[in-house]
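Colleague: coords below, sequence missing:
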């Protein structure tokens, strides 16, 4: 972390800082010098600006708290946090704090000699801002007039101030429009997001160009977080969208320094007790909390995103920032070891450090703690290509109010901030929000106290706590167990560590082959009569990785004459074709094999439930309204077993009567032979509906290719839509918006009728 000279204050000076106006500081005139050339990572070799306005809140709260908690608060008062330009009036200063010039002048006053100083800034006022939420809605409408004001009254004045020669040697790091482009990936079926989409694209591109022209601004585009975009079906479209928007700028890839994730969110930096491994034969990522998203945390997501961005043409020098201002999840509720449960959901819930009710819970999460302090080029995550850990969201600033609060900022009451609300977006779970919250961006003292108390690494006294950087010992004693022509068992002695080893990575010829929480692993898919160098590394609770073990040479058996050593292909297109209260019917396409597949094994939640020779299976005797994880493998005459195909399925609710009344609105936006269909389904029956099925038929042979916010199956013209986990409950009077992409040839007519749980709906 960059060093800074401490600036002690009296309580009186804290009060004075809280009463600051937008008047700029007086800064001594410095001798003229040439502007600094651009650098790859703006944080390297620089200090960072400490926002006195935020620090004053921290110190006032520390003075009131006193004791150990007050000392912990005081210890972080000098940490750098971002300055948010969340509306036009913030540029000159308003009741929420001083203006942009004040902060830039204050940064010059803090600069130490010729050492560069970084000013962290958030650009956040797009037309139609936060189209899928309410707590941070903005002042500008998603209209051409709103876009014109964004350009001339917001971006242009900011760029003009930053372009003042007095500030040419500051390094300005700008977080670009949190939550904007990610909403276009996952929430484009929402009408407000459809309205905002063209202005998001145009506005972000305009901001990137205007700021790039200043010369000393380093723009990082917001890229949501692991629990939002981590699924491959979201991640790839996100990278493509980022490339398209950046491609629309005059400067192209030069207009961005990188991407920032976890802005104002609490997704952990790492899940030390969980890896994407099997519990029995069931993948951990299939647990209810992860919903098949293999990106458990922000280091997973940044590594994933980096690879996708480079594949889309971004330079390999692109850097990542992670907002660690409140993703520590320490305190007494933090797990200290892996669960011993054999139930997948229990195993995950007892092992994860993320204590939210649901990964979609974003508003003032109760139990959260401050994470890692701002750090430059943090070690231990080379695949993430991290430029820095930053505090984009100043700890203690609210995400949104717990109830409706009249205001002139365009901010509305979002029920996700209400701790008493069981949200359909969270599969009917409570939001887990902290009560008593003010408007977004305003100081929330109770939240700040909680964040400090639950910090991880814990905050110790007046000095920053140093994270554990001591790596575990390298695994030793590698031995080979059973070896066949295509597989080999490997085991080793446990590593030692002062914080506890949480897992191991097995590498074959230097490439990762898999991870495990135990001290053994079975390598599969090997070639016959081939030697491999196997090594193992250990990882601990702090995320430190050991050196690799000494290499073990494993040689597979020679394939016998005429022996078949090639496994069949995995069953294809595995899907739950039907579900009742107590049964699930699965179907799949046949596997291929050079000697012929002789049968299939079906497993439910890791336990075998059937053997069949055909390509369907009905699993009976199940509980109503319960989610199950299925996998199907194929085996051939030589005994080879394929990789598994997997699918999740849920039985129908018990005693669920069909909805008596419903309304459906359908729209379609077409282009060439493709289109995006949007459905809004309203429950007008007067009673809550738990579990629902919508059916309709396309009139012109349209085919769905990809969907979101629901599950889709299609047979010929007939389409069946069932809910995702988070929107299974459709409350009385509530509606849900879902959507899909599809193809058509010729006409693209709308379906004439819809039925919800077998009952016809009014078509809007």
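Modeller: Arrived safely, thanks for sending. This is a predicted model, so every value here is computed, not measured.
Colleague: longest helix of this protein?
Modeller: helix 191-214 (DSSP state H).
Colleague: other SSEs contacting that helix?
Modeller: Judged by 3 or more Cβ pairs under 8 Å, 6 or more residues apart in numbering; DSSP states H and E, the packing partners of helix 191-214 are helix 144-149, helix 156-162, strand 171-176, helix 180-186, strand 217-222, helix 232-247, strand 674-683. For the C-beta atoms, the positions are set from N, CA and C on the backbone; glycine is no exception.
Colleague: how about TSV for these, with mean pLDDT added?
Modeller: Formatted as TSV, the helices and strands packed on helix 191-214 follow (pLDDT from 0 to 100):
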stretch	mean pLDDT
helix 144-149	95
helix 156-162	97
strand 171-176	98
helix 180-186	94
strand 217-222	98
helix 232-247	94
strand 674-683	85
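Colleague: Among those, which comes closest to residue 422?
Modeller: strand 674-683 (15.3 Å; Cβ to Cβ).
Colleague: May I see the buried residues of the closest one?
Modeller: Buried residues in strand 674-683, counted by 16 or more other Cβ atoms under 10 Å: 675-683.
Colleague: List the strands paired with it, with their directions.
Modeller: Strand 674-683 has the following strand partners under DSSP bridges: strand 662-671 (antiparallel), strand 735-743 (antiparallel).
Colleague: List the buried residues of the last one.
Modeller: This points to strand 735-743. For strand 735-743, by 16+ other Cβ under 10 Å, it's 735-740, 742.
Colleague: Likewise for the longest one?
Modeller: Applying a neighbour-count criterion of 16+ other Cβ under 10 Å, one finds 662-665, 668 buried in strand 662-671.
Colleague: Could you check the angle it makes with helix 191-214?
Modeller: 40 degrees (axes from the mean of the first three to the mean of the last three Cα atoms, to 10 degrees).
Colleague: next one: the shortest one
Modeller: Following the same axes, to 10 degrees, one obtains 70 degrees for the angle between strand 735-743 and helix 191-214.
Colleague: I'd like the next helix or strand past strand 735-743.
Modeller: Next along the chain after strand 735-743, taking DSSP states H and E as the criterion, comes strand 754-756.
Colleague: Check which helices and strands that next one sits against.
Modeller: Partner elements for strand 754-756 (3+ Cβ pairs under 8 Å, 6+ apart): strand 662-671, strand 694-697.
Colleague: So what touches the next helix or strand after the shortest one?
Modeller: What it means is strand 694-697. The helix or strand immediately downstream of strand 694-697 is strand 703-708, counting by DSSP H and E. Residues outside strand 703-708 that contact it (Cβ atoms under 8 Å, 6 or more residues apart in numbering): 186, 188-189, 233, 677, 712, 714, 719, 721, 738-744.
Colleague: Kindly present the helices and strands packed on strand 754-756 as a markdown table, with separate columns for mean pLDDT and distance to residue 119.
Modeller: Listed next are these as a markdown table, based on pLDDT from 0 to 100; distance: least, Cβ to Cβ, whole Å:
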| stretch | mean pLDDT | distance to residue 119 |
| --- | --- | --- |
| strand 662-671 | 84 | 41 |
| strand 694-697 | 92 | 50 |
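Colleague: Distance to residue 156 added to these, as TSV?
Modeller: Below are the helices and strands packed on strand 754-756 laid out as TSV (distance: least, Cβ to Cβ, whole Å):
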stretch	distance to residue 156
strand 662-671	32
strand 694-697	47
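Colleague: Go through those strands and name the closest to residue 456.
Modeller: Of the helices and strands packed on strand 754-756, nearest to residue 456 by Cβ to Cβ is strand 694-697, at 43.5 Å.
Colleague: Centre of the chain to that closest one, how far?
Modeller: 32 Å (Cα atoms, centre = their mean, to the nearest Å).
Colleague: Count the residues that sit near residue 704.
Modeller: 16 (other Cβ atoms under 10 Å).
Colleague: got a list of what the closest residue to residue 680 other than its chain neighbours touches?
Modeller: Using Cβ to Cβ, 6 or more residues apart in numbering and skipping the chain neighbours, the partner closest in space to residue 680 is residue 665 (4.4 Å). Listed by Cβ under 8 Å, 6+ apart, the contact partners of residue 665 are 679-680, 682, 763-764.
Colleague: what does residue 604 give?
Modeller: Residue 604 makes contact with 619, 628-630 under the criterion Cβ under 8 Å, 6+ apart.
Colleague: so which of these would you say is closest to residue 70?
Modeller: Within these, the smallest distance to residue 70 is 47.9 Å, found for residue 629 (Cβ to Cβ).
Colleague: The helix or strand where residue 719 lies vs strand 703-708, what angle?
Modeller: Taking DSSP H and E as the criterion, the element that holds residue 719 is strand 718-723. Counting by the same axes, to 10 degrees, strand 718-723 lies at 0 degrees to strand 703-708.
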